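Trainee: from the sequence below, what's the structure:
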Amino acid sequence: MSAPSSSDIERTDQPAKSDGFIRGLSQFIGGPVGSHAVPPAARRSRFWTAPRIILALVCLTLAFSWVQKSPCQDGDWQKNVQYTRFCYTDVLALYYSEQLSEGQVPYKDHAVEYPVVTGYFMGALGLPVHALGEKYPQINQGKWFYNANALVLSILAVASAAVILALRRRRPWDAAIFALSPILLVTATVNWDFLAIGLAMFGLYAWARKQPVLAGILLGLGGAAKLWPLFILGPLFVLALRSSKVQAFLYALGGAVAAWVLTNLPVFLLYRQSWNRFFELNDTRPIDWGTLWYIGRFLDAKWNSGAAGDQGPFQWLSDHIPTLNHLSYALTVLACAAIGVLCLLAPRRPRLSQIAFLVVAAFLIFSKVWSQQYVLWLLPLIVLARPRWGAIIAWTVAEIGYFTAFYAELLGAGGKPVIPEGTFVLASTLRLVTVAVLCGLVIREIWRPELDVVRDTYDNDPDGGTFNETADAPWTVALRRRFNLDRQPVADPAPADADVSTGAPASGGATGSGGAPAASGASRSGGVAVSGGGSAAGDAGSDDSGPAASPAPAS
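Mentor: Presented below is the predicted three-dimensional model:
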């Protein structure tokens, strides 16, 4: 993660000019910076550069998160303080329920409900805390365990922000969406999700740096912490098909399989029953709070009693969990297949983060479990996929509304309702709808790449890595022609051996795929040119970070 080059500084995005929401807010302080102003990054004496400001903001948000969770840190959860103060965390609760407080070794002495990397992490921090508590009985073991976890998870959150900055060197303020998110504030340490998020983000960075084996290893480790990072292999596969880079994908797949198997194998061989616990729990869990299925079951109850013979479809599924599992998996697979078709038929090769966001969002939409902290999975991906403040703020409001309603629902579970059930279902529906809207907006920008603000700054995919070295596979071009979708991607202006770390081309001028001159008459960045009978150059004949081409005059 080297320092920005002069070309990076010159082309740094200014949200007050490129983002309509921020442009509107900027009017309160006099509007966007003028065209003759000296860019802040060009003032070499400045200490507070954009990346440093972003990292400081992440640290500040995480400090507020620690304060927000502080009423629960002592473990004295009397009078439902964990719900009334919105400070519940699995980290503290599971220190006791997973028997770490008794010195139990995860998997060996007690079956842990999480994948093995999370279990290893719990033991790596929990067992020393227990030993310390045995030596010094006066300390609060639960508090020490929570704070140790909060520190490591916060470091991973800061590292995730650093990866966003490294992947968007010319758009550093995109990372402010992550750094300032209320989602990060209230859910960062609810569970161990930042273990998987940090590994997944480093995996994306490794892929962008053209290190597919390392990327696969990191994604495999992430999948051994929480399953979802393995889903990113799907977008890599489809993009590899479109770019004829299947070998690079196979390297990543091999790294992921090796990492996942090697981390799981000891527990699988020695403590098979404990290893199965995670999968058994996922198979048997009923419809959980706030999911699509929960909403449907609530609506069914408006017209059906729920008794045998008088059930709506969601009520029936609630009593037939294996069928629910199959339906949930089938819908997720169908959604992913549709995303794959979109990836192949889009006029320009989609960006990796766009497809990754859609796949993870589809999994959450159709899953029977959508825990409050799962929103963290989407946060860095949407920042990379579609860094538009307005839509993300609307989604954030819906998520915080759900977070608040969820705690009210938990308080009401004791028999004294705090809010009407319909209010909680409404909050759940708004969360579901806003995620679906974000998916729709990302799909629109895949289908109309000229609307993609990231492509206004980068002429190629800054996350694409080895995908940016070649044109589209001929069979994918023929497929789009067969369906009359033969709008051709704009040829990228930088040569194939451009330096990823600096964004500077190694030699030569603007080229299209395979070194051919870029076709005139094509619009810059995300634009597309309509084929007039001949075949235009395919996608990305260059690295993602090359300098932008000047817009060609309209013919």
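Trainee: CA only for contacts and neighbour counts going forward, please
Mentor: Will do.
Trainee: can you give me the strands for the protein?
Mentor: 487-489, 528-530 (DSSP state E).
Trainee: where in the stretch 351-500 of the chain is pLDDT low?
Mentor: 487-500 (pLDDT under 70).
Trainee: switch to 90 and redo it
Mentor: 412-417, 459, 469, 483-500 (pLDDT under 90).
Trainee: all helices of it, in order?
Mentor: Secondary structure of the stretch 351-500 of the chain by DSSP state H, counting those that start in this stretch: the helices cover 352-366, 375-385, 389-412, 421-447, 453-457, 474-482.
Trainee: for these, which one sits closest to Trp192?
Mentor: helix 375-385 (10.7 Å; C-alpha to C-alpha).
Trainee: how far off centre is the closest one?
Mentor: The chain centroid and the centroid of helix 375-385 are separated by 3 Å under C-alpha atoms, centre = their mean, to the nearest Å.
Trainee: and for stretch 407-414?
Mentor: Computed by C-alpha atoms, centre = their mean, the chain-centroid distance of stretch 407-414 equals 29 Å.
Trainee: swap in stretch 320-328?
Mentor: Using C-alpha atoms, centre = their mean, the offset of stretch 320-328 from its chain centre is 26 Å.
Trainee: need the phi and psi values for the residue in the chain sticking out farthest from the centre.
Mentor: Distance from the centre of the chain peaks at Gly309, with 42.0 Å (C-alpha atoms, centre = their mean). Here is the backbone geometry of Gly309 (degrees, to the nearest 10): phi 90, psi -10.
Trainee: which residues does the residue nearest in space to the middle of the chain contact?
Mentor: Centrality entry for the chain: nearest residue to the mean C-alpha point is Leu381, 3.1 Å, by C-alpha atoms, centre = their mean. Contacts here follow C-alpha atoms under 8 Å, 6 or more residues apart in numbering; on that basis Leu381 touches 353-354, 356-357.
Trainee: go again with 10 Å.
Mentor: Contacts for Leu381 were tallied using C-alpha atoms under 10 Å, 6 or more residues apart in numbering; they are 164, 178, 197, 201, 352-358, 360-361, 387.
Trainee: which of those residues lies closest to Trp228?
Mentor: Val360 (7.1 Å).
Trainee: my read: the closest one touches Cys336, true?
Mentor: Yes: counting by C-alpha atoms under 10 Å, Val360 does reach Cys336; the two are 9.3 Å apart.
Trainee: overlap in contacts of these two?
Mentor: Here Val360 and Cys336 share the contacting residues Phe231, scored by C-alpha under 10 Å, 6+ apart.
Trainee: dump the residue contacts of the residue farthest from the centre of the chain.
Mentor: Contacts of Gly309 by C-alpha under 10 Å, 6+ apart are Trp316.
Trainee: any stretches of the stretch 1-150 of the chain with poor pLDDT?
Mentor: Ranges of the stretch 1-150 of the chain meeting pLDDT under 90: 1-48, 79.
Trainee: and the closest residue to Ser353 other than its chain neighbours, how far is that from Gln82?
Mentor: Distances taken as C-alpha to C-alpha, 6 or more residues apart in numbering place Ala385 nearest to Ser353, at 5.0 Å, with adjacent residues excluded. Computed with C-alpha to C-alpha, to the nearest Å, the distance linking Ala385 and Gln82 is 34 Å.
Trainee: neighbour count: the two, which is higher?
Mentor: Higher neighbour count among Ala385 and Gln82: Ala385, with 27 against 21, using other C-alpha atoms under 10 Å.
Trainee: wait, that one touches Val442, no?
Mentor: Yes: with contact defined as C-alpha under 10 Å, Ala385 reaches Val442; the gap is 7.1 Å.
Trainee: for those two, list the residues in contact with both.
Mentor: In contact with both Ala385 and Val442: 350, 354-355, 357-358, 452, using C-alpha under 10 Å, 6+ apart.
Trainee: could you report the neighbour count for Gly223?
Mentor: Gly223: 27 neighbours (other C-alpha under 10 Å).
Trainee: quick revisit: now do the residue nearest to Ser353 against Val91, distance only.
Mentor: 30 Å.
Trainee: what of Gly220?
Mentor: Gly220 sits 23 Å away from Val91, going by C-alpha to C-alpha.
Trainee: same check, this time on Tyr458
Mentor: Taken as C-alpha to C-alpha, the span from Tyr458 to Val91 is 40 Å.
Trainee: ok, Leu233 - contacts?
Mentor: 215-216, 219-220, 239, 249-250, 252-253, 256, 356.
Trainee: can you rerun that using 8 Å?
Mentor: Leu233 neighbours (C-alpha under 8 Å, 6+ apart): Leu253.
Trainee: I'd guessed Ala159 sits against Gly198; true?
Mentor: Yes: assessed by C-alpha atoms under 8 Å, Ala159 is found in contact with Gly198 at 6.9 Å.
Trainee: the two: who's more crowded?
Mentor: Gly198 (23 against 20).
Trainee: and that one, what is it in contact with?
Mentor: So Gly198 contacts 156-157, 159-160, 222 (C-alpha under 8 Å, 6+ apart).
Trainee: turn these into CSV, columns for distance to Ala405 and pLDDT.
Mentor: What follows is the contacts of Gly198, written out as CSV (distance: C-alpha to C-alpha, whole Å; pLDDT from 0 to 100):
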residue, distance to Ala405, pLDDT
Leu156, 28, 98
Ala157, 25, 99
Ala159, 31, 98
Ser160, 28, 98
Gly222, 30, 98
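Trainee: dump those to CSV, plus distance to Phe86.
Mentor: Below are the contacts of Gly198 laid out as CSV (distance: C-alpha to C-alpha, whole Å):
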residue, distance to Phe86
Leu156, 23
Ala157, 21
Ala159, 26
Ser160, 25
Gly222, 28
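Trainee: does Val477 touch Asn484 like I think?
Mentor: No: using C-alpha under 8 Å, Val477 is not in contact with Asn484; the gap is 10.5 Å.
Trainee: which stretches of the stretch 51-200 of the chain form helices?
Mentor: 81-84, 90-97, 116-135, 141-167, 175-179, 182-187, 193-208.
Trainee: distance to Leu342 for those - can I get that in a markdown table?
Mentor: Listed next are the helices of the stretch 51-200 of the chain as a markdown table, based on distance: least, C-alpha to C-alpha, whole Å:
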| stretch | distance to Leu342 |
| --- | --- |
| helix 81-84 | 42 |
| helix 90-97 | 38 |
| helix 116-135 | 34 |
| helix 141-167 | 24 |
| helix 175-179 | 27 |
| helix 182-187 | 30 |
| helix 193-208 | 21 |
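Trainee: please identify which of those is closest to Thr49.
Mentor: helix 141-167 (11.9 Å).
Trainee: of the helices of the stretch 51-200 of the chain, which is nearest Thr291?
Mentor: That would be helix 182-187 among the helices of the stretch 51-200 of the chain, by C-alpha to C-alpha, at 17.9 Å.
Trainee: how close does Trp275 get to Leu265?
Mentor: Counting by C-alpha to C-alpha, the gap from Trp275 to Leu265 is 10 Å.
Trainee: next, count neighbours for Thr49.
Mentor: There are 15 residues near Thr49, going by other C-alpha under 10 Å.
Trainee: go on, Ala413?
Mentor: 11.
Trainee: for Ile419, see how far away it is.
Mentor: The gap separating Ala413 from Ile419 is 11 Å, by C-alpha to C-alpha.
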